[in-house]
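Student: sequence plus the predicted model coming up.
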Amino acid sequence: MRKQPGIETNLPILATRATEVVTVLSVSPLSEDHSSLKAIVRHSSWQLFEAHNLGSSLVILQEHDVAVVLCEKDLMPGTYIDLLESIRGMPNPPSLIVASRLADERLWAEALNLGAWDVLAEPFDRREVLRSVKSGWQHWHNQGLLRTDRTLAATGT
C-alpha cells in the first residue's frame, strides 16, 4: 500500500545483477501464500525461503542474510508484530512487509507505525508484490551501506 513515486523506474538495477540476489522470506501458515509467491518470483533471480510459523522463520533469519520478509498478519501462534520485534535487534534487519486478506487503512497505519515496510493485500497482485519487495530490498541495501559507512568512519579507515 505504500506508494513511492517512480519506484519501478528509479530503482537501480542492482537487484537484478547476477552478483546481487534479492533474498525473500515468506512467512505464512497458509501453503497457498507460498505457492502464490513462488509463481510471482519464479522467473527472477530472487531467492525465496519459506517458513510456516514464527519459530521456523527465526531459524531461517539466523542462517541466511534475508533482505525482505513477507509475513502473513496472523501466524498462529503470534502475529507479524512478534516477528517485527524479533528482527529489530538484528545487525541488518530485513524490511518486513505485512500481508493480509483484510488489508485496510487501519492495518496499514498500525504496521507502518510499528516499523513494517509495507502492507499488501491478498490474494497477491504480481505488480504490487514486485514493487513492494524491490523497494524493501533497496531500503535494506541502503541501510547496510549506511551501517558500513558509519563503521568505517568510527574506526577511521
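Tutor: Cool, got the structure.

Student: and the host helix or strand of Leu70, what's its mean pLDDT?
Tutor: Assigned by DSSP states H and E, Leu70 belongs to strand 68-72. The average of the pLDDT scores along strand 68-72 is 98.

Student: quick one: the strands in the chain?
Tutor: Assigned by DSSP state E, the chain shows strands spanning 23-27, 47-51, 68-72, 95-100, 118-121.

Student: show the pLDDT at Gly136.
Tutor: Confidence for Gly136, expressed as pLDDT, is 98.

Student: report how many residues lie close to it.
Tutor: Other residues lying near Gly136 total 24 when counted by other C-beta atoms under 10 Å. (Each C-beta comes from the backbone N, C-alpha and C, glycine too.)

Student: same question, Gln47
Tutor: The number of residues packed near Gln47 is 14, by other C-beta under 10 Å.

Student: that one contacts Leu25, correct?
Tutor: No - look at Gln47 against Leu25 with C-beta atoms under 8 Å: they stay out of range, at 9.5 Å.

Student: how about the helices in the protein?
Tutor: Listed from the start of the chain, the chain has helices (DSSP state H) covering 7-10, 31-41, 54-63, 80-87, 105-114, 126-155.

Student: report the central residue of this structure.
Tutor: When C-alpha atoms, centre = their mean is applied to the chain, the residue found nearest the centroid is Val68 (2.4 Å).

Student: beta-bridge partners for it, please?
Tutor: Val24, Ser95 (DSSP bridges).

Student: show me where the chain dips below the pLDDT cut-off.
Tutor: 1-19, 149-157 (pLDDT under 70).

Student: check contacts around Leu120.
Tutor: 1, 70, 97-100, 103, 128-129, 132 (C-beta atoms under 8 Å, 6 or more residues apart in numbering).
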